[in-house]
Structure formats: structure tokens, C-alpha cells
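S.K.: next one to model:
(2 chains)
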Amino acid sequence: NAGVTQTPKFQVLKTGQSMTLQCAQDMNHEYMSWYRQDPGMGLRLIHYSVGAGITDQGEVPNGYNVSRSTTEDFPLRLLSAAPSQTSVYFCASSYGGTANEKLFFGSGTQLSVL
Amino acid sequence: QQQVKQSPQSLIVQKGGISIINCAYENTAFDYFPWYQQFPGKGPALLIAIRPDVSEKKEGRFTISFNKSAKQFSLHIMDSQPGDSATYFCAASKGAYKYIFGTGTRLKVLA
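M.R.: This is a model prediction of the structure:
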């Protein structure tokens, strides 16, 4: 059982470049989300989705776009990368709803923007 | 902005000792308080969680103590082991979707 799969594991971008971080889960989870992890700041929610076709903003959504066309996939797009977006990005999913809040995290994507 | 304040930032404990990590929250609407454990190079994994209708929850060597009136909760690791060395995050949420995480505590257990 793969769980939550993130690709790539590492990425280096130049300022202004665009890219998509991929996230896929095989647990039929309705809820998916993206977090960024920075030293001393913990995990901060970027965007989340409660089902296919439904997305909403988290704490730090600026500079990022998401869409959810299938239950399995939830890609995160950086349209014009900035050095402030250098971070480790985690995708997480859960069944959602009361008593189903447990988040399953992927192994992360380490992104450097030069 | 809603916050969850976590302390200490780092913690060193001898093998067999008790590790204690504290968190405080502001929003009284939060109804779910999990702790996540993260090893280097890995994603966080749920360790233990509590709801505000109970004051304590224990799973093996891990215990959450919850003080609703003080808006504080803490993680206690009894008989700490070198394998417990990791970063620990507290979190809070209203419902299952928008989590606020603490800033993390790096625990090192000395053999």
C-alpha cells in the first residue's frame, strides 16, 4: 500500500520559473492538503481540498495554485517561483470528518529557489 | 491569526527520563488536539490525539494532558528511549480540515 506519494523529492528552481509538485494517494481519502515546513515555523497550511472539484485556502496561499480533478491527485503549482518559497513541502490526506481526522503525510519535497 | 504556541524549542533527556512538551492555544472553538512525530527526512506521523471532553489520554509510554480552562495541553513521554529522538509537533483544529501546527520541539534522548 503506497499511501501518500509525492514527487519529486528534490527540486532546484530559478526565480521566476514555474513547476508543479505532485501528490497522489491510494486510500480513497476525500481530504487532501498541502503544507510547507520552515525552520522555527512548524507546518503551515497552504491549500486544502475536501473532495474532487473543491479547494480552499489555508494560512499561506499566496503564490500557489491547486486543483482537484480526481480523488487521488492534488497537485500544487508554483506559477513564478520566488526565493521565499524555498521550503520543504508536505502533502497530507485523511478520510475527513469527525473521528477521521488522522492525517497521512507524504515524505516531502525539498524545494530550493535561487 | 489563530496560533498554537509550543515549547520548548529543543529538549535533551537522559534515557529512561520523562520528556515533557507543552502547547497553548487561543481559539476555544478547537475540538481536536493531535501530536505528530517526525523523523529526519520523513513526513510527520500521528502519535496520539485528544478531544477537549477528557483531561488525559494515555497510549503506551505517551500521555496527553489537557487543561481546557487554561487552554493548554502537553505531551509526556515516559521512560524516554533513544528511538524517541525526533521532532514533535502539537496541533489544533476545528473539525477535520484546517489544522494549526505548533513550531515543533526537537527531542534528543541520550543513551
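
S.K.: and for chain A, the residue most distant from the center?
M.R.: Most distant from the centre of chain A: residue A:99, at 22.7 Å, with distances by Cα atoms, centre = their mean.

S.K.: burial count for the residue of chain B found nearest chain A?
M.R.: Residue nearest to chain A within chain B: residue B:43 (3.1 Å; Cβ to the nearest Cβ). In this view, the C-beta of every residue, glycine as well, is placed from N, C-alpha and C. Residues within reach of residue B:43, counting by other Cβ atoms under 10 Å in any protein chain shown, total 23.

S.K.: what about it, distance to residue A:90?
M.R.: Remark: distance between residue B:43 and residue A:90 (Cβ to Cβ, to the nearest Å) = 5 Å.

S.K.: residues that sit against both of the two, list them.
M.R.: The contact sets of residue B:43 and residue A:90 overlap at A:105-106, A:108 (Cβ atoms under 8 Å, 6 or more residues apart in numbering or on different chains).

S.K.: which of the residues you listed are close to chain B?
M.R.: A:105-106, A:108 (Cβ under 8 Å from any Cβ of the partner chain).

S.K.: what about chain A, any weak spots by pLDDT?
M.R.: Low-confidence segments of chain A, defined by pLDDT under 70: A:1, A:100.

S.K.: for chain B, what is the nearest residue in it?
M.R.: For chain A and chain B, the shortest gap (Cβ to the nearest Cβ) falls at residue A:105, measuring 3.1 Å.

S.K.: ok, that residue touching residue B:46?
M.R.: No: applying Cβ atoms under 8 Å as the test, residue A:105 and residue B:46 come out as separate, 9.0 Å apart.

S.K.: neighbour count: the two, which is higher?
M.R.: Remark: of residue A:105 and residue B:46, residue A:105 carries more neighbours, 22 against 16, as counted by other Cβ under 10 Å.

S.K.: check the gap between that one and residue B:23 for me.
M.R.: Taking Cβ to Cβ as the measure, residue A:105 falls 19 Å from residue B:23.

S.K.: ditto for residue B:46
M.R.: 15 Å.

S.K.: ditto for residue B:78
M.R.: Distance, residue B:78 to residue B:23, by Cβ to Cβ: 18 Å.

S.K.: the two: which is more packed in?
M.R.: residue B:23 (25 against 13).

S.K.: which residues does that one bridge with?
M.R.: Note on residue B:23: beta-bridge partners residue B:6, residue B:73, judged by DSSP bridges.
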